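In: Just a sequence and a predicted model for now, questions to come.
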There are 2 protein chains.
Amino acid sequence: MPNERKGKIDPARSLAILWRTREPTSRSAGPGLSVDRIVRAAIEIADVVGIDALTMRRVSEALGVGTMSVYTYVPGKAELLNVMVDTLYGEMTRPAEVPGGWRARTEQVARENLKLYRAHPWLLRAETSRPVLGPNLLAKYDYELGAVADIGLNDVEMDAVLTLVLGHVKSAAQAALDVADLERETGMTDGQWWQSHAPWLERFVNSGSYPTASRVGSAAGEEHGAAYGPEYAFEFGLQRVLDGVAVVVAKRSAAAGPDRSGPADGG
Amino acid sequence: MPNERKGKIDPARSLAILWRTREPTSRSAGPGLSVDRIVRAAIEIADVVGIDALTMRRVSEALGVGTMSVYTYVPGKAELLNVMVDTLYGEMTRPAEVPGGWRARTEQVARENLKLYRAHPWLLRAETSRPVLGPNLLAKYDYELGAVADIGLNDVEMDAVLTLVLGHVKSAAQAALDVADLERETGMTDGQWWQSHAPWLERFVNSGSYPTASRVGSAAGEEHGAAYGPEYAFEFGLQRVLDGVAVVVAKRSAAAGPDRSGPADGG
DNA sequence: CAATCAGCCCGTACGCGGTACGGTATGTTC
DNA sequence: GAACATACCGTACCGCGTACGGGCTGATTG
């Protein structure tokens, strides 16, 4: 049972639905299905039972209609997933002003994205391939680019920074989810798991073959509750990334003139 | 058709296969199936037709055996995927000495991982959830931790740095794959695609609503062939991450004493 | 040697998933 | 009221993972 975002989806059809290219016909009777109702139901199902259990039959059931009725509004499951994802993007908050300069703005973007993944973990699995350009993705992209605009980076660099930050958020969210799943399934924390398996592993590996791995792996157990955990990894990584970006930004500012702190040339 | 790494896999059974806890019985006749033969066949299939088309029937067919014969050696598809992933980890080269300090070592780790994703793009989709602790994953982890050992970071930080770097590599590999897929499907580059869709998009959005997005999006088209592309994003992001790590490393070195460049305290 | 057994191999069948297809009913338009 | 478009959906098909039970074959034991 391979993946979401299947191979063959018609891009045009997909875009048409994303952008709602179709005036709502005013038919009164019937359950009154619509793309929005379907998408909302699907999101709710995915939130509750996970994306694995999201089936067309279940969606239609939740809506009180026949399975095939859904296909009147949505060409297929892949397109439905696309719209679900874009819908989520549309629900993110995007404050116009964030005090504190590019670093604060970018941090805010990162946290907002993390929040989204936390609220809808299935998003991590629905986003596996190139996102289809929906209205909300476009708005999101435009907004988030704003965080790193006018600080001396050119367009390509701005995109690269954003991609880097969002990639980190996604990785961290995935890691956090993995840890949470593990804890839920085994009742052990990540570190406890390592510690409990260390002796087992040594039975197969010449004792002490992987000293660093086992020390670091079980260090988590000792540190747990203090400085360790997925949140730590997220924060640490985010600060590292921002530190790295700051290096370039500082370089550009210097090149544009020591006294400038405002907008540099845009590319 | 949801995901790989399905919900219920017995961890013990999975570990047993990963670590090959079973002496090979010496039966002469028959096709002579084995976990290794199965895994090799499965990897080859995934390399050629992709992970979506990797089915147990196809694997068995490639091996010239009945479908259910595979299940004599592998409890299920999820476990097979686990072993496939661990097998790939085992094929990575891990030079003992890399000249140039932690930064060069970490870069080398990143590039080695990128190479792996390039060679087996399906790995991006097979790794979706927490990796099961196979022997080669353990070796990989141990080796890669070595890149950032003894530079003043504590254990948790070492793990976090490694996670950050590998996360970036994975994101970049995914992006590169997306772009490649898009080009293959549409015959257009990423930038060309943006440029060709810009007018279409403006028909739905009040013209100029997303100025930054469209400018940056199509900037790729102009820059293409020069400085842009997935490789650029990978390199740029990697350098940013390493710059960010360097900041902490420098701080720790300073704290440990201005003259020290060797190992700092490990905890 | 025969009897027994353990492991390997696999045909069949089940349940579940997405969805093609063809129909029916309900509302709109003239 | 006729003609038509649209919304809805029952049935059926194909492909998937895999449970189950049975047959085969070489190894083991007396």
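Out: Ah, there it is.
In: Look up how far DNA strand C lies from A:Leu177.
Out: 22 Å (Cβ to the nearest atom of the strand, to the nearest Å). To be clear about C-beta, it is placed using only N, CA and C from the backbone, and glycine gets the same treatment.
In: since we're on that residue, how many residues are nearby?
Out: 19 (other Cβ atoms under 10 Å in any protein chain shown).
In: Where does it fall, secondary structure wise?
Out: A:Leu177 is part of helix A:155-186, with elements assigned from DSSP states H and E.
In: That helix packs against which elements?
Out: helix A:101-119, helix A:123-126, helix A:135-147, helix A:190-202, helix A:230-256, helix B:155-186, helix B:211-223, helix B:230-256 (3 or more Cβ pairs under 8 Å, 6 or more residues apart in numbering or on different chains; DSSP states H and E).
In: looking at these, which is closest to DNA strand D?
Out: helix A:123-126 (16.9 Å; Cβ to the nearest atom of the strand).
In: so how far is the closest one from its chain's centroid?
Out: Averaging C-alpha positions (Cα atoms, centre = their mean, to the nearest Å) puts helix A:123-126 7 Å from its chain's average.
In: one step back: tabulate the helices and strands packed on helix A:155-186 (CSV), appending mean pLDDT and distance to DNA strand D.
Out: As requested, the helices and strands packed on helix A:155-186 are exported to CSV (pLDDT from 0 to 100; distance: least, Cβ to the nearest atom of the strand, whole Å):
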stretch, mean pLDDT, distance to DNA strand D
helix A:101-119, 98, 27
helix A:123-126, 97, 17
helix A:135-147, 95, 21
helix A:190-202, 75, 24
helix A:230-256, 93, 29
helix B:155-186, 93, 21
helix B:211-223, 75, 31
helix B:230-256, 93, 30
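In: can you tell me which of those comes nearest to A:Leu177?
Out: helix A:123-126 (6.6 Å; Cβ to Cβ).
In: tell me what that closest one is packed against?
Out: Counting contacts by 3+ Cβ pairs under 8 Å, 6+ apart, helix A:123-126 packs against helix A:77-90, helix A:101-119, helix A:155-186.
In: tell me the pLDDT at A:Ser209?
Out: The model reports A:Ser209 with a pLDDT of 72.
In: Go ahead and report the secondary structure state at it.
Out: Here A:Ser209 is recorded as coil under DSSP: H, G, I helix; E, B strand; the rest coil.
In: Can you give me the distance of it to A:Ser196?
Out: 19 Å (Cβ to Cβ, to the nearest Å).
In: try A:Val156
Out: With Cβ to Cβ as the criterion, A:Val156 and A:Ser196 are 48 Å apart.
In: Counting neighbours, go ahead and name the busier of these two.
Out: Taking neighbours as other Cβ under 10 Å, A:Val156 and A:Ser196 compare with A:Val156 leading, 23 against 13.
In: For the closest residue to that one other than its chain neighbours, the count of nearby residues, please.
Out: The shortest distance from A:Val156 to any non-neighbouring residue, by Cβ to Cβ, 6 or more residues apart in numbering or on different chains, is to B:Tyr228 (5.1 Å). Here the number of neighbours of B:Tyr228 (other Cβ under 10 Å) works out to 21.
In: hang on, isn't B:Tyr228 packed against B:Gly191?
Out: Yes. Between B:Tyr228 and B:Gly191 a contact is recorded at 7.2 Å, counting by Cβ atoms under 8 Å.
In: that older thread, could I get the buried residue list for the helix holding A:Leu177?
Out: Across helix A:155-186, burial judged by 16 or more other Cβ atoms under 10 Å in any protein chain shown covers A:155-179, A:182.
In: now the angle from that helix to helix A:230-256?
Out: 170 degrees (axes from the mean of the first three to the mean of the last three Cα atoms, to 10 degrees).
In: got the angle for helix A:155-186 vs helix A:101-119?
Out: 30 degrees.
In: ok now helix A:155-186, how far from the chain's centre?
Out: 7 Å.
In: How about the contacts made by A:Asp36?
Out: Under the criterion of Cβ atoms under 8 Å, 6 or more residues apart in numbering or on different chains, the contact list for A:Asp36 is empty.
In: and with 10 Å instead?
Out: A:20, A:24, A:73, A:83, A:87 (Cβ atoms under 10 Å, 6 or more residues apart in numbering or on different chains).
In: shouldn't the residue nearest to A:Val156 be in contact with B:Ala219?
Out: Yes. The pair B:Tyr228 / B:Ala219 is scored as a contact, 7.8 Å apart, by Cβ atoms under 10 Å.
In: Before I go, just wanted to say thanks for your time.
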